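In: Got a predicted structure plus its sequence, pasted below:
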Amino acid sequence: PGSGPGPPPPHPTPKLTPSKPAPETVTMSGQPMFLMGWNGPFKLQPHTKNGRPVYRRAGVSVGLIPIIDVEIWYEPDLKCWVLHRDPDGPQKFVKRSMHSNETPIGPWEGSVKVSA
């Protein structure tokens, strides 16, 4: 008798059902000196990944030094956004967000932030 309703069902990873469109550009800031080439604008890509927008920073140089292209996407297994370097495998990432918002806008680890 009286066993209660039981544990709540697991929550699925929220899909992008935005109240407004994803921003065309987001800006990352706060990267340390050795990653400073990844500070700056990321452009919205025409495809999504894991039901969320993808942002890319490509073709950037700091002085004469070319910077490895990077993308930001949502990683549902980690429940956060990740900054991913092009040459790395799909499971490896450089930094991750401290949230699971609809877009990558918000705080990231290491005092990095992404803004609209």
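Out: That came through, no problem.

In: which residue is nearest the centroid of the protein?
Out: Compute the mean C-alpha point of the chain, and by Cα atoms, centre = their mean the closest residue is Trp81, 3.2 Å away.

In: check contacts around Leu27.
Out: Just so we're on the same page, residue 27 is Thr rather than Leu. By Cβ atoms under 8 Å, 6 or more residues apart in numbering, Thr27 lies in contact with 40-42, 114-116. Any C-beta I mention is one placed from the backbone N, CA and C, and that applies to glycine too.

In: tell me which element it is part of?
Out: strand 25-29 (DSSP states H and E).

In: residues in contact with stretch 60-75?
Out: Applying Cβ under 8 Å, 6+ apart, the contact partners of stretch 60-75 are 26, 28, 36-38, 40, 42, 45, 49-52, 54-59, 80-87, 93-94, 96, 100, 104, 114.

In: what's the average pLDDT for it?
Out: When pLDDT is averaged over stretch 60-75, the result is 92.

In: buried set for it?
Out: Using 16 or more other Cβ atoms under 10 Å as the test for burial, stretch 60-75 gives 60, 67, 70-75.

In: Now distance to Ala22 and secondary structure too, for those residues, in JSON lines please.
Out: Below are those laid out as JSON lines (distance: Cβ to Cβ, whole Å; DSSP: H, G, I helix; E, B strand; the rest coil):
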{"residue": "Val60", "distance to Ala22": "21", "secondary structure": "coil"}
{"residue": "Ile67", "distance to Ala22": "24", "secondary structure": "coil"}
{"residue": "Val70", "distance to Ala22": "18", "secondary structure": "strand"}
{"residue": "Glu71", "distance to Ala22": "14", "secondary structure": "strand"}
{"residue": "Ile72", "distance to Ala22": "11", "secondary structure": "strand"}
{"residue": "Trp73", "distance to Ala22": "12", "secondary structure": "strand"}
{"residue": "Tyr74", "distance to Ala22": "11", "secondary structure": "strand"}
{"residue": "Glu75", "distance to Ala22": "17", "secondary structure": "strand"}
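
In: re the thing from before, out of the contacts of Thr27, who has the most neighbours?
Out: Val114 (24 neighbours; other Cβ atoms under 10 Å).
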